[in-house]
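A.B. asks: Just a sequence and a predicted model for now, questions to come.
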Amino acid sequence: MKTFMSFCTAMMLAIPFVSGQVQTIDQIMTEPVTVTTGITFKFNSKAMNEDQIIMIGVPDDYATSNKKYPVLYLLDGQWGFSSTVQALGWLSNPGYGMIPQTIVVGIHTGENRERVLTPTQNKENNSGGDADKLYQFIKEELIPFVDKNYRTYNYRVIGGASLGGLFVMYAFESDPQLFNGYLSMSPAMWWDNGVMLDRTNDLLSKDTNLHNRVYLSLTNEGTAMGVDSLASLFEKYGSEELIWKYDKQQQEVHETVGYKGTWDGMKFLLADWHYPLVDFGTKKQIFVSQDSATHNSDNHKIMKVSDAVLERLSDLYLDSYGRIITLTKADKTLQFTCDQLPTVILYPEAENKFFLKDADVQQNLFLKGFDIEFEFIKDDSLVVTANGDIDFTAKKIKHPPFVKLSDNILEVYIGTYLSTGQYNNFNVSKEGNSMKLSTDGLIRNIYPIGENKFYFLYDDQLNSRFEIEFIKDESDKVTKMNISNDGNIVIESQRI
């Protein structure tokens with residue numbers, strides 16, 4: 001017995017030594033971690049008269065969707081490409097979507113960066129001055145290549161840091177409308193005695209109709225970079241349409257500005273983003289299709305279809321971008337409405353096929369040479385094409401039956417309602433045939449399901465049932481508005 005106890009004690013004392021043995025790395029089978037953020041290839045540039053190394057990263061769902069995406073053109077891609085693709089992947093995660101999913105195009109500058117990123121020569125060593133050639137390459141060769149080979153929107157951002165940031169300001173001064181957004185991080189505005197400060201001053205002082213977004217940042221480098229002087233120009237000449245921001249990131253150093261600046265800058269440049277119908281154009285700058293000569297609505301003939309067909313197609317649809325679309329019978333046509341998009345009319349050319357008139361496309365969507373068609377594959381789904389190519393698809397949303405109310409009844413509910421809780425005021429309005437609920441920049445269509453009850457949807461909560469109930473007092477005046485979710489009141493408000 002004594003021998004057995006001694007044996008057990010010895011084993012117990014030995015266990016820590018046995019279990020405490022740590023393996024060495026050469027005892028373990030290891031495999032390399034492979035992180036793929038895109039592809040890389042050599043692009044033979046006529047403008048540069050040399051090969052350019054290009055890197056392209058697409059969103060995770062690119063291969064399985066028919067979506068189009070905005071594009072970020074990133075200078076000095078040899079340093080920031082992979083981290084930028086990963087950062088934008090986090091920011092654009094469909095679960096919270098702080099920015100839209102974005103294609104990233106990295107431009108490798110390597111040992112030639114001082115030569116290709118600067119607009120003038122360094123008089124001390126005669127280096128630099130080829131920014132015009134790089135700009136020509138991006139404008140005339142790279143952008144057309146990317147647009148031809150990838151599903152892109154006519155919405156572009158160019159970004160860079162240090163000398164790359166200097167080039168961003170050169171691009172802005174050269175043609176502000178080539179890019180929608182400019183991401184200039186710790187730009188070397190000191191170059192050649194501040195030559196780009198002078199050129200930016202000339203542009204801003206003469207052109208007051210710029211409608212871009214510009215993000216500037218500076219780390220702990222102080223005034224020698226010239227970024228404070230650059231920001232003062234935007235402060236002096238800035239207009240309502242030129243939206244800009246200057247971030248001083250004192251906790252960062254020059255070498256880390258690309259990480260922090262890209263994260264914060266892209267959130268600013270793509271804030272309040274909304275997907276367009278087909279592509280981006282503005283009232284001041286109509287976007288013209290490259291093959292506009294061959295596409296127009298003159299090829300379509302309006303066909304009379306029955307009210308029954310129009311009523312059957314009138315409904316709520318969820319499209320492949322996550323947008324909620326409302327189609328409503330309007331006379332002998334369908335009215336298209338969608339949050340943050342213009343209202344347009346769809347004209348029938350067959351019982352299952354509708355089109356937009358050229359005049360409406362140009363006037364309301366600011367596009368030219370786009371033949372836009374809506375084809376209903378089944379009663380519950382449709383395909384939208386632009387110049388014959390699928391742009392997006394949509395499917396009907398299940399919801400409670402809607403009722404039709406007269407304009408007199410609807411107008412009774414128009415007004416402003418003050419929430420009794422922590423929410424902002426709510427505004428109920430009528431636009432055409434649609435009723436809308438808005439608060440703090442958020443606008444939703446609301447749909448009557450009773451004389452005083454309406455239904456609406458949140459993009460990210462399509463399975464939840466949100467209802468609005470308007471309450472009248474004894475004199476039959478509307479005094480309250482309650483919002484409920486799945487039968488439970490979540491917001492109470494008083495009419496102002």
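C.D. replies: Now that the structure is in, tell me what you want to look at.
A.B. asks: Can you list the residue ranges for strands in the stretch 1-150 of the chain?
C.D. replies: 39-45, 50-57, 69-75, 103-107, 121-122, 127-128 (DSSP state E, counting those that start in this stretch).
A.B. asks: Repeat that for the stretch 301-450 of the chain.
C.D. replies: 315-319, 324-330, 333-338, 341-350, 353-355, 367-368, 372-378, 381-386, 389-396, 415-419, 426-431, 434-439, 442-448.
A.B. asks: of those, which approaches G261 most closely?
C.D. replies: Closest approach to G261 among the strands of the stretch 301-450 of the chain is made by strand 442-448 (28.9 Å; Cβ to Cβ). The C-beta positions use only the backbone N, C-alpha and C, and glycine is treated the same way.
A.B. asks: which neighbours does the helix or strand just after that closest one have in its sheet, and in what orientation?
C.D. replies: Counting by DSSP states H and E, the next helix or strand C-terminal to strand 442-448 is strand 453-456. Strand 453-456 pairs in its sheet with strand 442-448 (antiparallel), strand 466-472 (antiparallel), by DSSP bridges.
A.B. asks: In terms of mean pLDDT, which of those strands ranks lowest?
C.D. replies: Note on these: lowest mean pLDDT is at strand 442-448, with a mean of 86.
A.B. asks: Dump that strand to PDB, keeping only the CA atoms.
C.D. replies: Extracted in PDB, the C-alpha atoms of strand 442-448 (Å, rounded to 0.1, in the frame of the first residue of the first chain):
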ATOM      1  CA  LEU A 442     -34.300  59.300 -43.700                       C
ATOM      2  CA  ILE A 443     -37.200  59.100 -46.100                       C
ATOM      3  CA  ARG A 444     -39.600  56.200 -46.500                       C
ATOM      4  CA  ASN A 445     -42.600  55.600 -48.600                       C
ATOM      5  CA  ILE A 446     -45.700  54.700 -46.500                       C
ATOM      6  CA  TYR A 447     -48.600  52.600 -47.900                       C
ATOM      7  CA  PRO A 448     -52.200  52.700 -46.700                       C
END
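A.B. asks: what's in contact with that strand?
C.D. replies: If you take Cβ atoms under 8 Å, 6 or more residues apart in numbering as the criterion, strand 442-448 is touched by 316, 324, 326, 337, 339-340, 399, 402-405, 410, 428, 434-438, 454-458, 468.
A.B. asks: Likewise for stretch 87-99?
C.D. replies: Against stretch 87-99 from outside (Cβ under 8 Å, 6+ apart): 59-61, 72, 100-102, 104, 259, 262-263, 266-267, 270-271, 273, 322.
A.B. asks: for stretch 396-405, same thing?
C.D. replies: Contacts for stretch 396-405 (Cβ under 8 Å, 6+ apart): 315-318, 324, 379-381, 447-451, 455, 457, 462, 465.
A.B. asks: let's see it at 10 Å
C.D. replies: 311, 313-318, 324-329, 378-382, 411-413, 433, 435, 447-457, 462-463, 465, 467 (Cβ atoms under 10 Å, 6 or more residues apart in numbering).
A.B. asks: That stretch: end-to-end distance?
C.D. replies: 22 Å (Cα to Cα, to the nearest Å).
A.B. asks: Centre of the chain to it, how far?
C.D. replies: Counting by Cα atoms, centre = their mean, to the nearest Å, stretch 396-405 is centred 30 Å from the centre of its parent chain.
A.B. asks: End to end on stretch 108-125, go ahead and measure it.
C.D. replies: First-to-last distance for stretch 108-125 - Cα to Cα - comes to 23 Å.
A.B. asks: Quick one: residues contacting the most centrally placed residue in the chain.
C.D. replies: The chain has P100 as the residue nearest its centroid, 3.5 Å off, counting by Cα atoms, centre = their mean. Neighbouring residues of P100 by Cβ under 10 Å, 6+ apart: 59, 67-70, 88, 91-92, 153, 155, 266, 270, 273-275, 321.
A.B. asks: ok, now with 8 Å
C.D. replies: Contacts of P100 by Cβ under 8 Å, 6+ apart are 69-70, 92, 270, 273, 275.
A.B. asks: Okay, now the unreliable bits of the stretch 1-150 of the chain?
C.D. replies: The model of the stretch 1-150 of the chain has pLDDT under 70 over residues 1-20.
A.B. asks: Let me see the ranges of the helices in it.
C.D. replies: For the stretch 1-150 of the chain, helices defined by DSSP state H, counting those that start in this stretch occupy the ranges 2-19, 77-91, 113-117, 131-137, 143-149.
A.B. asks: Other residues contacting the shortest one?
C.D. replies: Counting by Cβ under 8 Å, 6+ apart, helix 113-117 makes contact with 48, 75-76, 109, 122, 127-131, 133-134, 160, 163-164, 166-167, all of which sit outside it.
A.B. asks: Separate out the buried members of these.
C.D. replies: 48, 75-76, 109, 128-131, 133-134, 160, 163-164, 166-167 (16 or more other Cβ atoms under 10 Å).
A.B. asks: Closest one of the residues you listed to Y182?
C.D. replies: Out of the buried ones among the contacts of helix 113-117, the member with the shortest distance to Y182 (by Cβ to Cβ) is G160, at 9.5 Å.
A.B. asks: That closest one in helix, strand or coil?
C.D. replies: strand (DSSP: H, G, I helix; E, B strand; the rest coil).
A.B. asks: Any figure for the gap between it and D391?
C.D. replies: When distance is defined by Cβ to Cβ, to the nearest Å, G160 is 31 Å away from D391.
A.B. asks: Okay, now the unreliable bits of the stretch 151-300 of the chain?
C.D. replies: Using pLDDT under 70, the flagged stretches of the stretch 151-300 of the chain are 291-298.
A.B. asks: can you map out the helices along it?
C.D. replies: 163-174, 191-206, 227-237, 257-269.
A.B. asks: Domain ranges for the protein, per the record?
C.D. replies: Segmentation of the chain into domains, based on automatic domain parsing, reads 39-269, 287-396, 407-495.
A.B. asks: can you redo the ones you listed as CSV with distance to E31?
C.D. replies: Supplementary listing: the domains of the chain in CSV, determined by distance: least, Cβ to Cβ, whole Å:
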stretch, distance to E31
domain 39-269, 20
domain 287-396, 37
domain 407-495, 38
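A.B. asks: Out of those, the one nearest G281 is which?
C.D. replies: domain 287-396 (3.2 Å).
A.B. asks: Return the distance of the closest one from the chain's centre.
C.D. replies: Centroid separation for domain 287-396 versus its chain: 22 Å, with Cα atoms, centre = their mean.
A.B. asks: what's the span of it from first residue to last?
C.D. replies: 30 Å.
A.B. asks: Next, work out how far apart V257 and E469 are.
C.D. replies: 52 Å.
A.B. asks: Which of the two has more residues huddled nearby?
C.D. replies: V257 (24 against 14; other Cβ atoms under 10 Å).
A.B. asks: isn't the more buried one right up against Q249?
C.D. replies: Yes - V257 is within contact range of Q249, at 6.8 Å (criterion: Cβ atoms under 8 Å).
A.B. asks: Name the residues contacting each of the two.
C.D. replies: 217-219.
A.B. asks: Buried subset of the residues you listed, written for PyMOL?
C.D. replies: Selection of buried members from the shared contacts of V257 and Q249 for PyMOL, criterion 16+ other Cβ under 10 Å:
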select buried, resi 217+218+219
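A.B. asks: Take the shared contacts of V257 and Q249 and lay them out in a markdown table including distance to N387.
C.D. replies: Below are the shared contacts of V257 and Q249 laid out as a markdown table (distance: Cβ to Cβ, whole Å):
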| residue | distance to N387 |
| --- | --- |
| S217 | 39 |
| L218 | 44 |
| T219 | 46 |
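A.B. asks: What is the nearest of the shared contacts of V257 and Q249 to T36?
C.D. replies: Out of the shared contacts of V257 and Q249, the member with the shortest distance to T36 (by Cβ to Cβ) is S217, at 28.9 Å.
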